[in-house]
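Asker: Could you work out the structure for the sequence below:
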Amino acid sequence: MNKLEGLLFSMVITIGIFLVMYIVGNYGTPTPEVEKPMLLLIFESWGDVEDSPNEIAFSNWIYNFGDIEAKNVSIQCETENRDGRVISSEKFNIGNIASNGYEYQSSYTMHYSYNDDLLGGCYLESKDNYINLMDKVNE
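Answerer: Numbers count the residues shown, from 1 in each chain. Model (predicted):
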């Protein structure tokens, strides 16, 4: 092996080592999307409150599957008639949900009494600071 071949061989090995270091160094680096809380709201039920006939209770589970605490989480709960017209809508501030944690939420609204002609449900509202996993399922 002459001097030029030895130099070329050394350059190829050096470039190969730097390439391996680059790949290993960047592998596992979280993307910005993974660094956000990942929330999922599971609507459990809604209906009358026995002690207060003018109240409706909404029950939800909110899960944070992210490695970062979700801050200032809020939900919107609505009742609508069978034609899809919103009868009442109220925002509820849940607060913070720990990383890889969950929160059970019962929310009460005083607007209308429950009846069979109304539909009710809740959804996550503040989408700027977290990933809504239900949106990802729908994509």
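
Asker: Please count neighbours and contacts with C-alpha atoms only from this point.
Answerer: Noted.

Asker: Show me where this structure has its strands.
Answerer: Along the chain, counting by DSSP state E, strands occupy 38-49, 52-64, 70-81, 86-97, 102-109, 118-124, 131-132.

Asker: ok, and the closest non-adjacent residue to Asn64?
Answerer: Leu39 (4.6 Å; Cα to Cα, 6 or more residues apart in numbering).

Asker: remind me which residues of the chain are low pLDDT?
Answerer: Across the chain, the ranges flagged by pLDDT under 70 are 1-12, 16, 18-34, 111-116, 126-128, 138-139.

Asker: follow-up on the earlier one: near the residue nearest to Asn64, how many residues? Count them for me, please.
Answerer: 25 (other Cα atoms under 10 Å).

Asker: Check the gap between it and Ser52 for me.
Answerer: 31 Å (Cα to Cα, to the nearest Å).

Asker: What residues are bridge-paired with the one residue sitting closest to the centre of the chain?
Answerer: Central residue of the chain (Cα atoms, centre = their mean): Leu39, 2.2 Å from the mean position. Counting by DSSP bridges, Leu39 is bridged to Asn64, Asn132.

Asker: returning to what we had before: now the strands of the chain in TSV, please, with extra columns for distance to Ile13.
Answerer: What follows is these, written out as TSV (distance: least, Cα to Cα, whole Å):
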stretch	distance to Ile13
strand 38-49	42
strand 52-64	46
strand 70-81	46
strand 86-97	49
strand 102-109	50
strand 118-124	53
strand 131-132	43
